[in-house]
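J.: okay, predicted coordinates and the sequence, questions at the end:
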Protein chains: 2
Amino acid sequence: MEEHITIGLVEDQLLFRNGIKAILNSWDELEVIFESGEGYSVIDRLRTMDRIPDVMLVDLSLPPDGNRAYSGEQLTVDLAEHFPDMKVLILSGYQDEHFIARLIEIGAHGYLVKDSDPLEVYQAITTIHQKGVYINQLALKAIQRNFGKRTKSVVQPNSDLTRREIEILQLTCEQYTAEEIGEKLYISVKTVNGHRANLLLKTGSRNAAGLVMYAVKNGLVEI
Amino acid sequence: MEEHITIGLVEDQLLFRNGIKAILNSWDELEVIFESGEGYSVIDRLRTMDRIPDVMLVDLSLPPDGNRAYSGEQLTVDLAEHFPDMKVLILSGYQDEHFIARLIEIGAHGYLVKDSDPLEVYQAITTIHQKGVYINQLALKAIQRNFGKRTKSVVQPNSDLTRREIEILQLTCEQYTAEEIGEKLYISVKTVNGHRANLLLKTGSRNAAGLVMYAVKNGLVEI
DNA sequence: CTTTTTATAGGTATTTATACCTGTTTTTCG
DNA sequence: CGAAAAACAGGTATAAATACCTATAAAAAG
């Protein structure tokens, strides 16, 4: 059976991208026909192509460009919208179950950690191409355990943080309570909590720990 | 000129490790003779080998293995001590100048970001093997700007945390509540809160935000 | 073989955070 | 100017975290 599967790669680290390309091309039935180091241009570039990939490997941790980031999450949503036939296989450094459950929820067809065996990548790709989805134990567990749990909506049309929100986020990272932040900024604790609620929503976090991680990942605090 | 250069790889992400191995092996004069997914066992394993690598590629962001955190920094120090003839080429996701300057200071012979071109990796390896060091523009600038500045000690200040505490700290960073952590680890929520109380005490934090910042500063979580 | 540390589990009480609402005023911007 | 966004403030709940205790079994260390 000679079935060619065409692959797309979206991964910011050039070295990793080349490495995985070399691995994938070692299987005859896989063919990498598209690659990109960032997410912004992907949709537009795919539109101009006569052959679009069957399976798109997307790195979750596409880097923030300043603090406005076009994340792998956003790309997953956009790919599902513009190319519904394309299968999206997430590649991520994280094993965070919330991440996994959310990604599957918004349209990913599989989730692999970067620590995976090359053979599993191959299996994931062929399985996705044949059956439309590849759920390994990790992903299954994540889905099961997070089923029904509140997951924040991932994609906000305007996910930019306002100046005040960033200020409050930074003070939160500095371990100030909402009340102390209110005193510091001469505003009501109610207002602070309002901003925090917006921060949770905009960043897709569940709690203060998530806010701090967001701040760190986006360079909003000194570490 | 037929000169064989032997390579060692220390990189936790299996996929990346295999990828870069494939890239390196595409050059005839490079030969990967050692690889490891963590840092702990490297020194011991090298001692038992009859051929040790000329150049060791070390990933900076080696993750803590549950208990003790053995970073790429620590490994660099130890390699320089036990195998002074071996050249260490750092592979890192970060471009932080303090990082770079520090690594060169403690014994690294080159520093590459993971975003590098495969050709540059090849050039870095051959240059290091011939001249003993490979300093590109990025590294040079880092050294110049940070020369004489006091750099943070490499030794992990988190040695006073137990493995269980580190585990709970990491899950806290992943936004799990104490109750969820208890379920995950099959222990009582009371126990989790006990560990968290100890974490607050040991790290000098006031709340979860402080714990996350501590974890980030001490490399106990992937960012 | 002791001693110490770690991991475990429990209680009670208080504080803080978060969810889910409704508003008004101020500022920004087309 | 007028619309939209941002900042502000409040209430009423519940959920979660934190403080401050005790206590025991297992594991590690000396």
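T.: Now that the structure is in, tell me what you want to look at.
J.: low pLDDT regions in chain A?
T.: Scanning chain A for pLDDT under 70 picks out the ranges A:1-2, A:61-70, A:140-141, A:143-159.
J.: is chain B contacted by the host helix or strand of A:R196?
T.: In the assignment (DSSP states H and E), A:R196 maps to helix A:189-203. No: Helix A:189-203 lies out of reach of chain B by CB under 8 Å from any CB of the partner chain, never closer than 10.4 Å. Any C-beta I mention is one placed from the backbone N, CA and C, and that applies to glycine too.
J.: list the contacts of that helix.
T.: Helix A:189-203 has contacts (CB atoms under 8 Å, 6 or more residues apart in numbering or on different chains) with A:152-153, A:156, A:159-161, A:164-165, A:168-169, A:172, A:178-179, A:181-182, A:185, A:205-207, A:210-211, A:214.
J.: what are the buried residues along it?
T.: Residues of helix A:189-203 classed as buried: A:192, A:195-196, A:199-200, A:202-203 (neighbour count, 16 or more other CB atoms under 10 Å in any protein chain shown).
J.: for stretch A:182-189, same thing?
T.: Buried positions in stretch A:182-189, judged by neighbour count with 16+ other CB under 10 Å: A:182, A:185.
J.: same check, this time on stretch A:205-219
T.: Within stretch A:205-219, the residues that count as buried by 16+ other CB under 10 Å are A:205-206, A:208-218.
J.: ok so, going back, wondering if the helix holding A:R196 reaches DNA strand C at all.
T.: Yes: counting by CB under 7 Å from any atom of the strand, DNA strand C is contacted by helix A:189-203 at A:193-194, A:196-197, A:200.
J.: which one of these sits closest to A:A124?
T.: A:L200 (32.5 Å; CB to CB).
J.: can the one helix or strand A:E167 maps to be said to contact chain B?
T.: Secondary structure from DSSP H and E places A:E167 in helix A:163-173. Yes: using CB under 8 Å from any CB, we find that helix A:163-173 touches chain B at A:172-173.
J.: buried ones in that helix, by neighbour count?
T.: Using 16+ other CB under 10 Å as the burial criterion, the residues of helix A:163-173 that qualify are A:165-173.
J.: name the next helix or strand downstream of that helix, please.
T.: As the chain continues past helix A:163-173, the following element, by DSSP H and E, is helix A:178-185.
J.: show me what that next one is in contact with.
T.: Helix A:178-185 is touched from outside by A:167-168, A:171-172, A:176, A:188-189, A:191-193, A:196, with contacts defined as CB under 8 Å, 6+ apart.
J.: identify the farthest-apart pair in these.
T.: Comparing every pair within the contacts of helix A:178-185 by CB to CB identifies A:T172 and A:S188 as the most remote, at 16.4 Å.
J.: against A:T172, how distant is the residue of chain A most remote from its centre?
T.: Computed with CA atoms, centre = their mean, the residue of chain A farthest from its C-alpha average is A:Y186, at 36.8 Å. The gap separating A:Y186 from A:T172 is 17 Å, by CB to CB, to the nearest Å.
J.: kindly report the same for A:L220.
T.: To A:T172, A:L220 is 10 Å away according to CB to CB.
J.: how about A:V58?
T.: Separation of A:V58 from A:T172 (CB to CB): 30 Å.
J.: which parts of chain A sit against DNA strand D?
T.: A:158, A:160, A:162-165, A:182, A:185, A:187-188, A:190-191, A:193-195, A:207.
J.: do any residues in the helix or strand harbouring A:I100 lie close to chain B?
T.: When elements are assigned from DSSP H and E, A:I100 belongs to helix A:97-106. Yes: using CB under 8 Å from any CB, helix A:97-106 reaches chain B at A:97-98.
J.: now that helix and helix B:178-185, what's the angle there?
T.: Helix A:97-106 runs at 90 degrees relative to helix B:178-185, counting by axes from the mean of the first three to the mean of the last three CA atoms, to 10 degrees.
J.: in the helix or strand just after helix A:97-106, what's buried?
T.: Per DSSP H and E, the first helix or strand lying C-terminal to helix A:97-106 is strand A:110-113. Neighbour counts using 16+ other CB under 10 Å place A:110-113 of strand A:110-113 among the buried residues.
J.: run through who's touching strand A:110-113.
T.: With contacts defined as CB under 8 Å, 6+ apart, strand A:110-113 is touched by A:87-95, A:100, A:103-104, A:120-121, A:124, A:127-128, A:133-136, A:138-139, A:142.
J.: list only buried entries from those.
T.: A:87-94, A:100, A:103-104, A:120-121, A:124, A:127-128, A:134-136, A:139, A:142.
J.: strands of chain A, start to end?
T.: Secondary structure of chain A (DSSP state E): strands at A:5-10, A:30-36, A:55-59, A:87-92, A:110-113.
J.: export those strands as TSV, with columns for distance to DNA strand C.
T.: Formatted as TSV, the strands of chain A follow (distance: least, CB to the nearest atom of the strand, whole Å):
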stretch	distance to DNA strand C
strand A:5-10	31
strand A:30-36	30
strand A:55-59	27
strand A:87-92	24
strand A:110-113	24
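J.: dump those strands to JSON lines, plus distance to B:K21.
T.: Listed next are these as JSON lines, based on distance: least, CB to CB, whole Å:
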{"stretch": "strand A:5-10", "distance to B:K21": "18"}
{"stretch": "strand A:30-36", "distance to B:K21": "18"}
{"stretch": "strand A:55-59", "distance to B:K21": "19"}
{"stretch": "strand A:87-92", "distance to B:K21": "18"}
{"stretch": "strand A:110-113", "distance to B:K21": "18"}
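J.: can you give the domain ranges for chain A?
T.: Listed by automatic domain parsing, the domain ranges of chain A are A:5-144, A:155-217.
J.: returning to that earlier point: quick one: the helix holding A:I100 near DNA strand C?
T.: No: Helix A:97-106 stays clear of DNA strand C (CB under 7 Å from any atom of the strand), getting no nearer than 12.5 Å.
J.: from the contact counts, what lies against that helix?
T.: helix A:72-82, strand A:87-92, strand A:110-113, helix A:137-146 (3 or more CB pairs under 8 Å, 6 or more residues apart in numbering or on different chains; DSSP states H and E).
J.: which ones are touching the residue in chain A that chain B sits nearest to?
T.: Per CB to the nearest CB, A:G19 is where chain A lies closest to chain B, at 1.8 Å. A:G19 sits next to B:15-16, B:18-23 when contact means CB under 8 Å, 6+ apart.
J.: out of the residues you listed, who's the most crowded?
T.: Greatest neighbour count in the contacts of A:G19, by other CB atoms under 10 Å in any protein chain shown, goes to B:I20: 28 neighbours.
J.: now the closest residue to it other than its chain neighbours: how far from DNA strand D?
T.: Leaving aside its chain neighbours, B:I20 sits nearest to A:G19 (5.1 Å; criterion: CB to CB, 6 or more residues apart in numbering or on different chains). Distance, A:G19 to DNA strand D, by CB to the nearest atom of the strand, to the nearest Å: 38 Å.
J.: so how far is DNA strand C from A:G19?
T.: Distance from A:G19 to DNA strand C, counting by CB to the nearest atom of the strand: 36 Å.
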